[in-house]
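Visitor: Can you look at this prediction? I've put the sequence above it.
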Amino acid sequence: MNMITSLEQAILPLNSTMQDAINALNISTLKIVLIINEQHQLVGVITDGDIRRAILAYHGLNSAVDLIMSHKPVTAFQGDSASKIKHLLEVNKLLHIPILTQDQRILGIETRDHLFGVGKLTNPVFIMAGGFGTRLRPLTSSCPKPLLKVGRKPILENIIESFSSFGFEQFYISVHYKADMIKDYFGDGSTLGVDIEYIEEKTPLGTGGALSLLPDVFEPVILMNGDLLTKVDFSELLAYHQEEKAAVTMCVREYEFQVPYGVIQSENNRVTNIVEKPVEKYFVNAGIYVISPEVIHKLKVNEYLDMPDLINACLANEERISMFPIHEYWLDIGRMSDFERAQSDAINFF
């Protein structure tokens, strides 16, 4: 796809909806949506992070883009030097910047990748692959769950290849149950073009406790359960975490269920309203986190700690915990029905 086509796909009129913006972000390679008025002037931009924050604010897919866009985006102008545009990208920690004429019409988009070159990400990825997979027995009686095949590849190989496609190349895999099978299959990761080291839990330490076994880290770490499949953009997740200046960023999914009865609202013993079969919505943990190095440095080595306890400790210290809602494909392969669904999904997604 050439730049002109991608730019055209990234431009939407002001009367568009959030669903239109999501579609444009998925189609265009530029990872930004430009909103224009009837005079074809730029009036706002929408990034992946804006979509996530809109979901957290319970904006519906039919919400107007005017409600979720950034109304005062950083821009450059025709004739600005490359060094000036680089400075704007660096100072504002941007991935892209619109280039405008003096009357605010769009000429193009300059990107960090184009000006600085596409580089590998040095942030470590920590994958939890030590569980017993008891709910998938008998499949896991002789094979660890991360090595069960979805389509033609093991679950864990799909995960590593997904991260690699976004520029991640340093992996730590926590192993316990049938650890040698996982190590024998992936080795040092060279066959996949990545570097893999293994963290061996002599006894299960919980997700938070396993983090304490990592060597010194100085950048945010992405932590993920080794039985998940998703099409989330991990580079956008990392950028969101840094933008939020969070100690921990949790990926979440919107979960809804319908109460099968009429729900009574009341004050004391007086009925104030009755709602017939209401739909309740919650954000639930999606098993993917970004953790700042300062949090990891505080952990006690080899001490059992679950992620809820780690997050609650951060909250007690008044550290910022952010949510990153996933609207892309996501599947937790926890039960046999999930594994069967993954096989059919593999045709379309993997």
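Guide: Great, that's in hand.

Visitor: C-alpha only now, for contacts and for neighbours.
Guide: Fine.

Visitor: So this protein: which segments form each domain?
Guide: The record assigns the chain these domain ranges, following automatic domain parsing: 3-116, 125-349.

Visitor: Tell me which residues touch residue 196, please.
Guide: By C-alpha atoms under 8 Å, 6 or more residues apart in numbering, the contact set of residue 196 is 170, 171, 172, 173, 186, 187, 188, 189.

Visitor: a markdown table for those residues, including secondary structure and distance to residue 239?
Guide: Supplementary listing: the contacts of residue 196 in a markdown table, determined by DSSP: H, G, I helix; E, B strand; the rest coil; distance: C-alpha to C-alpha, whole Å:
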| residue | secondary structure | distance to residue 239 |
| --- | --- | --- |
| 170 | strand | 17 |
| 171 | strand | 19 |
| 172 | strand | 21 |
| 173 | strand | 23 |
| 186 | helix | 28 |
| 187 | coil | 30 |
| 188 | coil | 27 |
| 189 | coil | 25 |
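
Visitor: I'd like the distance between the residue lying closest to residue 38 once chain neighbours are set aside and residue 65.
Guide: Nearest residue to residue 38, sequence neighbours excluded (C-alpha to C-alpha, 6 or more residues apart in numbering): residue 13, at 7.5 Å. Remark: distance between residue 13 and residue 65 (C-alpha to C-alpha, to the nearest Å) = 9 Å.

Visitor: Kindly report the same for residue 185.
Guide: Distance, residue 185 to residue 65, by C-alpha to C-alpha: 47 Å.

Visitor: Tell me which of the two has more neighbours.
Guide: residue 65 (25 against 12; other C-alpha atoms under 10 Å).

Visitor: thought the more buried one was touching residue 22?
Guide: No: using C-alpha atoms under 8 Å, residue 65 makes no contact with residue 22, being 10.4 Å away.

Visitor: For residue 274, which residues are in contact?
Guide: 262, 263, 264, 265.

Visitor: and those residues, which of them are in strands?
Guide: Among the contacts of residue 274, the ones falling in strands (DSSP state E) are 262, 263, 264, 265.

Visitor: thinking again about what came up before, is it possible to get CSV of the contacts of residue 196 that adds distance to residue 31?
Guide: Shown next, in CSV, are the contacts of residue 196 (distance: C-alpha to C-alpha, whole Å):
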residue, distance to residue 31
170, 24
171, 25
172, 28
173, 30
186, 32
187, 34
188, 33
189, 29
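
Visitor: Format the residues you listed as CSV; extra columns: pLDDT, distance to residue 113 and neighbour count.
Guide: Formatted as CSV, the contacts of residue 196 follow (pLDDT from 0 to 100; distance: C-alpha to C-alpha, whole Å; neighbours: other C-alpha atoms under 10 Å):
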residue, pLDDT, distance to residue 113, neighbour count
170, 94, 20, 21
171, 97, 23, 24
172, 96, 26, 19
173, 95, 29, 24
186, 94, 30, 16
187, 93, 31, 16
188, 93, 28, 16
189, 92, 26, 17
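
Visitor: rewinding a little: beta-bridge partners for the residue nearest to residue 38, please?
Guide: residue 36 (DSSP bridges).

Visitor: Just give the number of residues close to it.
Guide: 17.

Visitor: Wasn't residue 25 part of a strand?
Guide: No: counting by DSSP: H, G, I helix; E, B strand; the rest coil, residue 25 falls outside a strand, being helix.
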